[in-house]
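1. need a structure here:
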Amino acid sequence: MVRHDRVARLGLLGKELAAHRLLILAHRRPHLRLRFPLPVPCLSARHHRHRLLPDGGGARVRVHHAARRDPRRAESGSRCRELDAGDARDRHGAYRGIARARPDPCDEHLRAAFVRGGDLTMAGPLAQEHGYLGASIEDGRVISYPDEIPLEEALRGAVLYDLTGALYRFVSGDRSGSFVEALSASKRLAVGSCTFSAVLAGDGTLVSIPLIIRGGEQEYVLVDAAGRREVLRSWMDVIAGMEAGGIPVFSGVTVEEADPLLVPLLLCGARARELISDYSADQPLPSPGSVAAIAFDGVPCVLAHLDLLPCDSFLVFVPPTFSARLFRSFLSFGYTSPQGHASLSQAISKLPWADLLVREDRVRVDARTLASWGLLRPEADFIGARGLKDIR
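-> Numbers count the residues shown, from 1 in each chain. So this is what the prediction gives:
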């Protein structure tokens, strides 16, 4: 339950999301609750309808979704607003202030179906949905689905990835800006912006290239689905624990896993913008490198429009309680293809810096190359700047 005095302490985005949740709790709107009975569950997500039918002996469940879009969706009242520095004035920020209701428990019959269907672990709030689709899951990540189409073909429409299992961390606190600017060699971020960034070790070698999002004055989110994500995780812990004269360098900074806050869903492809626009017809989408607060059919979310990529890509952060509903809603568009992390690795391999992210040894790359990719700022005030000068 969210208390009104807590809402008063939140930043703009946090207030918006918490206000939506308070409204839901106060009025208990039926269309914002997931309650689907067996044996043929059905969920109506505003204007789309999705049927879940048992497959044979019940070991798997197949999703049938409507491919035709209802024209009334444009009247659903979705809102999209870009964030700016003046919008986040408090210390708690957006992500910390998200109100989390308890998700609906998985039905025991469906849990049993997962077990009979194979070695599927409960990978986040969407594990049930991935089970319906017969996903192969390893280490908490969806690796693939049985009916995936080739990536090149899927990108002609929109590809949907659940990034659960990637490095996904939330950085907050009084000195969070100093921490991230020391960690990141790329441009400094204004509130409501995002970019891919080079992260360097002290000797100037490359640690990884994560996406960094600034959602408030003192809140950042880092996402990394590439092969060096665990190296980055360890390096972040090292930097967070640095001391000078026995005093923590970044005291007051909290680095934590962001999985309990919001579910990250990546939409990319030639028609990704068209899909997102269907939910926000009354407002322009955030420009590449920007972040917006948007309500997807009444569900408050955070939308990041990624830059430096070859095709339109949007990262949608969804409250866990409503992640299944929006996942199905996205799939109701006939041109949307769900794909796993094996496909995502293939997509990452097309980036200019992809070869650096699959190596397990020390990665040396010179400053001119990093700058040509837009991953390096001119100021030499980040960790590894001195060592980078010696790399040719």
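
2. With adjacent residues omitted, what lies nearest to L388?
-> Excluding the flanking residues, the one nearest L388 by C-beta to C-beta, 6 or more residues apart in numbering is G204, at 3.7 Å. All C-beta spots, glycine's among them, are computed from the backbone N, C-alpha and C.

3. and that neighbour, how many neighbours?
-> 21 (other C-beta atoms under 10 Å).

4. ok, it to L151 distance?
-> Going from G204 to L151 by C-beta to C-beta, to the nearest Å gives 34 Å.

5. Touching, the residue nearest to L388 and I391? I think so.
-> Yes - counting by C-beta atoms under 8 Å, G204 touches I391, with 5.3 Å between them.

6. so what sits against both of the two?
-> R364 (C-beta atoms under 8 Å, 6 or more residues apart in numbering).

7. Can you show me the helices along the stretch 101-250 of the chain?
-> Using DSSP state H, counting those that start in this stretch, the helices of the stretch 101-250 of the chain run over 108-117, 127-132, 151-154, 176-183, 229-240.

8. Can you give me the buried ones in the fourth one?
-> Across helix 176-183, burial judged by 16 or more other C-beta atoms under 10 Å covers 176-177, 179-183.

9. closest to A198 among these?
-> Of all these, A198 sits closest to L183, with 10.1 Å by C-beta to C-beta.

10. which ones are touching that closest one?
-> With C-beta under 8 Å, 6+ apart, L183 has these contacts: 199, 235-236, 239, 382-383.

11. Same question for G157.
-> 269-271, 333, 335-337.

12. try 7 Å
-> In this structure, G157 makes contact with 269-271, 335-337, judged by C-beta atoms under 7 Å, 6 or more residues apart in numbering.

13. now do R392
-> R392 sits in contact with D366, where contact means C-beta under 7 Å, 6+ apart.

14. cool, and R156?
-> By C-beta under 7 Å, 6+ apart, the contact list for R156 reads 269-270.

15. so where's this protein uncertain?
-> 1-122 (pLDDT under 70).

16. Using the record's domain definitions, break it down for me.
-> 4-165+260-348, 167-258+361-388 (automatic domain parsing).

17. re the thing from before, which of the contacts of L183 are buried?
-> Here, 16+ other C-beta under 10 Å leaves 199, 235-236, 239, 382-383 buried among the contacts of L183.

18. Looking at those, spot the one nearest L315.
-> Nearest member of those to L315, counting by C-beta to C-beta, is V199, at 18.4 Å.

19. That closest one contacts S184, doesn't it?
-> Yes - using C-beta atoms under 7 Å, V199 is in contact with S184, at 6.2 Å.

20. Quick check: L376 touching L370?
-> Yes - L376 lies in contact with L370 (C-beta under 7 Å); the separation is 4.1 Å.

21. between the two, who's got more neighbours?
-> Per other C-beta under 10 Å, whichever of L376 and L370 has more neighbours is L376, with 25 against 22.

22. Need phi/psi at that one.
-> Dihedral angles of L376 (phi, psi; degrees, to the nearest 10) stand at phi -140, psi 130.

23. how far away is it from A354?
-> From L376 to A354 the distance is 17 Å (C-beta to C-beta).

24. repeat for Q128
-> As for Q128, its distance to A354 is 32 Å (criterion: C-beta to C-beta).

25. The two - which one has more neighbours?
-> Neighbour count, other C-beta under 10 Å: between Q128 and A354, Q128 has more, with 24 against 16.

26. if we can go back for a sec, okay, and which of the contacts of G157 map to strands?
-> In strands, defined here by DSSP state E, the members of those are 336-337.

27. Put together TSV for the contacts of G157, with distance to T321 on each row.
-> Listed next are the contacts of G157 as TSV, based on distance: C-beta to C-beta, whole Å:
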residue	distance to T321
G269	27
A270	31
R271	28
Y335	27
T336	22
S337	25
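
28. closest to A225 among the contacts of G157?
-> G269 (16.4 Å).

29. doesn't V159 make contact with that closest one?
-> Yes - here G269 reaches V159: they are 5.0 Å apart, a contact under C-beta under 7 Å.

30. which one of these two has more residues nearby?
-> V159 (28 against 24).

31. Run through the bridge partners of that one.
-> Beta-bridge partners for V159, by DSSP bridges, are C268, S337.

32. Of all pairs in the contacts of L183, which one spans the longest distance?
-> Spanning the widest gap among the contacts of L183 are M236 and F382, at 13.9 Å by C-beta to C-beta.

33. ok so, going back, how about CSV for the buried residues of helix 176-183, with distance to E243 added?
-> CSV is the format used below for the buried residues of helix 176-183 (distance: C-beta to C-beta, whole Å):
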residue, distance to E243
S176, 18
G177, 20
F179, 14
V180, 19
E181, 19
A182, 14
L183, 16
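
34. Kindly indicate which of these lies nearest L265.
-> Nearest to L265 among the buried residues of helix 176-183 is V180, at 23.4 Å by C-beta to C-beta.

35. quick one: the closest residue to that closest one other than its chain neighbours from C268, how far?
-> Distances taken as C-beta to C-beta, 6+ apart place Y220 nearest to V180, at 4.9 Å, with adjacent residues excluded. Relative to C268, Y220 is positioned 22 Å away (C-beta to C-beta).

36. and what of Y279?
-> 16 Å.

37. more neighbours, the two?
-> Y279 (28 against 24).

38. From L126, how far off is that one?
-> Taking C-beta to C-beta, one finds Y279 at 18 Å from L126.
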